[in-house]
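[1] Provide a 3D model corresponding to the input given below.
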Amino acid sequence: MNEKSFQIAINYFTGAISLLMLTILLWDYYHGGVPSHHLLANKDLPEVSNWWGAISIPLVTFLSLITIKNRLNYQKDFVGNTFFRKYLVPFLFGLVYALSLAISFSTGKSDISSLLFQGLFILALIFPLFRLEYYLGFVFGLTYTFGGVLPIFIGLIFVIISLVFHKILVPLVYKLPFLKSKRR
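    Residues are numbered from 1 along each chain as shown. Below you'll find the predicted structure:
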């Protein structure tokens with residue numbers, strides 16, 4: 001695969017996500033109305049309509065895939081299963097984790113959804129959740145249950161936590177004098 005064919009794939013994928021979002025929103029509209037969600041599930045805070053997902057989810061999809069495209073090394077990443085391991089596995093991990101969170105929340109299993117949500121803080125310290133592959137899968141997994149805006153902001157919180165930990169705190173810790181290896 002080359003850069004031009006990957007750009008075409010991005011355009012088609014973004015178009016498919018746009019159609020999927022519009023389909024979900026039209027389904028909701030004709031079956032009881034498009035839901036809205038209070039920020040932080042607090043009735044005192046404003047509601048955000050799922051209609052915003054028609055713009056926000058395709059935009060996040062397109063921008064994330066363009067950023068991933070700019071990181072790709074076309075000679076190395078499309079050889080063997082490198083692309084699958086490096087990009088698709090993190091995407092699927094984020095998607096499955098978010099789907100588990102959304103299903104446990106929507107079925108009333110608040111203890112499981114709470115545990116999964118709190119587990120994200122630990123996972124942000126272990127895995128590089130700042131990578132857009134994880135983020136995009138996470139956003140997709142939560143979109144049907146929580147709309148098109150809240151998953152973006154929830155995911156950004158964990159992206160920031162993971163980014164600060166992996167790019168700032170870990171390098172600082174390794175610069176501590178007692179952790180430096182003695183050179184001969």
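
[2] what residues are up against the residue sitting nearest the centre point of the chain?
    Centroid-nearest residue in the chain: residue 135, 2.1 Å away (criterion: C-alpha atoms, centre = their mean). For residue 135, the contact set (C-beta atoms under 8 Å, 6 or more residues apart in numbering) comprises 64, 94, 129, 155-156, 159. Yep, even glycine has a C-beta here, placed from its N, CA and C like the rest.

[3] Can you give me the separation between it and residue 90?
    Using C-beta to C-beta, to the nearest Å, we find residue 135 at a distance of 9 Å from residue 90.

[4] what's the answer for residue 38, then?
    30 Å.

[5] Who has more neighbours out of the two?
    Per other C-beta atoms under 10 Å, whichever of residue 38 and residue 90 has more neighbours is residue 90, with 21 against 13.

[6] Next SSE downstream of the helix or strand hosting residue 70?
    Following DSSP states H and E, one finds residue 70 within helix 53-71. Going down the chain from helix 53-71, the next helix or strand is helix 82-83, by DSSP H and E.

[7] In the protein, where's the longest helix?
    What stands out as the longest helix in the chain, according to DSSP state H, is helix 3-30.

[8] any low-confidence regions in this structure?
    Within the chain, the ranges that satisfy pLDDT under 70 run 179-184.
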